[in-house]
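# Sequence and predicted model, in that order:
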Amino acid sequence: MLEDKNQERTSLEKLGEFGLIQHLTKSFKLNHKSTLKGIGDDAAVLDFGGKKAIVSTDMLVEGVHFDLSYMPLKHLGYKSVMVNLSDIYAMNAIATQITVSIAVSNRFPLEALEEFYAGVALAAELYKVDLIGGDTTSSTKGMIISVTAIGEANEADITYRNGAKPNDLLVVSGDLGGAYCGLQVLEREKEVFKVNPNNQPDLSPYTYIIERQLKPESRKDIKGLLQGLEIKPTAMIDISDGLSSEILHLCKASEVGCNLFEEKIPLDPTVISACEEFSIDSTLVALSGGEDYELLFTIDQKDFPKIKGNPHFSIIGHMTDKNEGANLVSRSDTKIPITAQGWNSFS
């Protein structure tokens, strides 16, 4: 669906900065007792009592992290929140608040920002987080988004990257590679559209992978699932930059090695068929694609019976002694050193 180019446009100048903030955030309600003061003062006030506060920030830049020719603004608002909540869940914590800051050029009318904030509002509602502040300013070119996510956890529950031990099992939630494959489809259709603007592509076969790219979901459920299984991960990280990069982060922080088994990497059938269509290797896509926002974690080997066969998780390898390094064990049983080929915003 292409956007209606004849929509009514309201100049942001009419509202001014504070009027704009008030207009865009007037419908946000507070859900958490820990939010003593949200939007409307110089700073938000949070009270976590005996719990620890967890904070993470990410920035998204037009032309680097997103392309508005196929990314609807409502989806972008939603995804901007998901990217940040994922970091909180990767600490085995509960996300409670977000701040959203945007810089936009004068090509964006009020209605465009309303769309963006509608996505933010949907994410806040579904994931039960409070929008408590942010900033708006002008940009000379395009759109820049910065979201900070705040969460809480009991100190005993917090999971860092540095707790993995040799012989721990390496586990991942969900499946990998979908977001990258969705991006390939969208990029291809963008090029087709440039040549023939009247072409209406049939994207129905790619619904799952396009949604993985445009409207990813953070794994809020994993903390509860693991608690229900009575499993405390020894180390955890979210998969934003690709499986290979995240494994290397865990290995470095925990000072261990790893054997990752190629045949165990979970791939959705639509990812496999898309990889065949684009003539790209599905393992490489899972290793380097990124933006899946699944959780990668390690567990003690004694917890194997608790997680074995669980449909939410795949055991994809085990940690080894640091001297053995991080390796991919191929389907032909060859060990290949894992290298970080994930997303690099400066490349």
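Everything's here; your move. Residues are numbered from 1 along each chain as shown.
# burial measure for the closest residue to residue 8 other than its chain neighbours, as a count.
Leaving out its chain neighbours, the residue that sits closest to residue 8 by CB to CB, 6 or more residues apart in numbering is residue 111, at 6.7 Å. Heads up, the C-betas are built off the backbone N, CA and C, glycines and all. Residues lying near residue 111 (other CB atoms under 10 Å) number 13.
# and what of residue 321?
Neighbours of residue 321 under the rule other CB under 10 Å: 11.
# Identify all contacting residues around the strand or helix carrying residue 272.
Secondary structure from DSSP states H and E places residue 272 in helix 269-278. For helix 269-278, contacts defined as CB atoms under 8 Å, 6 or more residues apart in numbering pick out 175-178, 181, 184-185, 205-206, 208-209, 281-282, 285-286.
# And the helix or strand that that helix is followed by, what does it pack against?
For helix 269-278, the following helix or strand on the C-terminal side (DSSP H and E) is helix 282-288. Contacts defined by 3 or more CB pairs under 8 Å, 6 or more residues apart in numbering; DSSP states H and E place helix 282-288 against helix 178-195, helix 243-254, helix 269-278.
# right, so these: which one is the most enclosed?
Mean neighbour count (mean count of other CB atoms under 10 Å) peaks for helix 243-254 among the helices and strands packed on helix 282-288, with a mean of 22.
# So which other helices or strands are in contact with that helix?
Using 3+ CB pairs under 8 Å, 6+ apart, helix 243-254 is in contact with strand 235-238, strand 257-261, helix 282-288, strand 295-299, strand 326-329.
# 7 Å instead, please
Using 3 or more CB pairs under 7 Å, 6 or more residues apart in numbering; DSSP states H and E as the contact test, the elements touching helix 243-254 are strand 235-238, strand 257-261, helix 282-288, strand 326-329.
# Surely residue 146 touches residue 56?
No. With contact defined as CB atoms under 7 Å, residue 146 does not count as touching residue 56 (11.5 Å).
# related to what we said a few turns ago, which of the helices and strands packed on helix 243-254 sits most buried?
strand 235-238 (a mean of 25).
# Partner strands of it and their direction?
strand 295-299 (antiparallel) (DSSP bridges).
# where along this protein do the strands fall?
With strands called from DSSP state E, the chain shows them at 35-37, 45-46, 52-61, 94-104, 130-138, 143-153, 169-173, 235-238, 257-261, 295-299, 313-320, 326-329, 335-337.
# which residues of the chain score low on pLDDT?
The chain contains residues with pLDDT under 70 at 1-7, 41, 341-347.
# again, 90 this time
For the chain, the stretches with pLDDT under 90 are 1-29, 32-50, 141, 192-202, 340-347.
# Pop the domain breakdown of it in here.
Domains of the chain are assigned by automatic domain parsing as 12-157, 169-337.
# could you list every residue that touches residue 97?
Remark: with contacts taken as CB atoms under 7 Å, 6 or more residues apart in numbering, residue 97 is in contact with 35, 46, 129-130, 132, 150.
# any idea how far the residue nearest to it when sequence neighbours are not counted lies from residue 107?
Excluding the flanking residues, the one nearest residue 97 by CB to CB, 6+ apart is residue 150, at 4.2 Å. Here the criterion is CB to CB, to the nearest Å. By it, residue 150 lies 32 Å from residue 107.
# Alright, that wraps it up for me.
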